[in-house]
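Colleague: build me a structure from this.
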Amino acid sequence: MGNLLYLIAVVLIIFWAIGYFGYQAGGLIHILLVIAVVAILLRVIRGAA
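Modeller: This is a model prediction of the structure:
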């Protein structure tokens, strides 16, 4: 489950980068970035515990 969460976070960051530099889609792109950062933080916190 942890690997899947990490994979989803990486994919969201890639989509954010594509959207931010390619399309300038606005708020949706930043929501994707926040979701990806939260997923990475959860992975780090759960991995350390």
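Colleague: verify the stated contact: residue 32 with residue 14.
Modeller: No. Assessed by C-beta atoms under 8 Å, residue 32 is found out of contact with residue 14, at 9.7 Å. To be clear about C-beta, it is placed using only N, CA and C from the backbone, and glycine gets the same treatment.
Colleague: secondary structure element holding the residue positioned nearest the centre of the chain?
Modeller: By C-alpha atoms, centre = their mean, the mean C-alpha position of the chain lies nearest to residue 36, the distance being 1.8 Å. Mapping residue 36 onto the secondary structure by DSSP states H and E places it in helix 27-48.
Colleague: and that helix, how far out from the chain middle?
Modeller: Offset of helix 27-48 from its chain centre (C-alpha atoms, centre = their mean, to the nearest Å): 5 Å.
Colleague: packing partners of it?
Modeller: Packing partners of helix 27-48 (3 or more C-beta pairs under 8 Å, 6 or more residues apart in numbering; DSSP states H and E): helix 2-18.
Colleague: quick one: residues in contact with the helix it packs on.
Modeller: With contact meaning C-beta atoms under 8 Å, 6 or more residues apart in numbering, helix 2-18 is reached by 29-30, 32-33, 35-37, 39-40, 42-43, 46-47.
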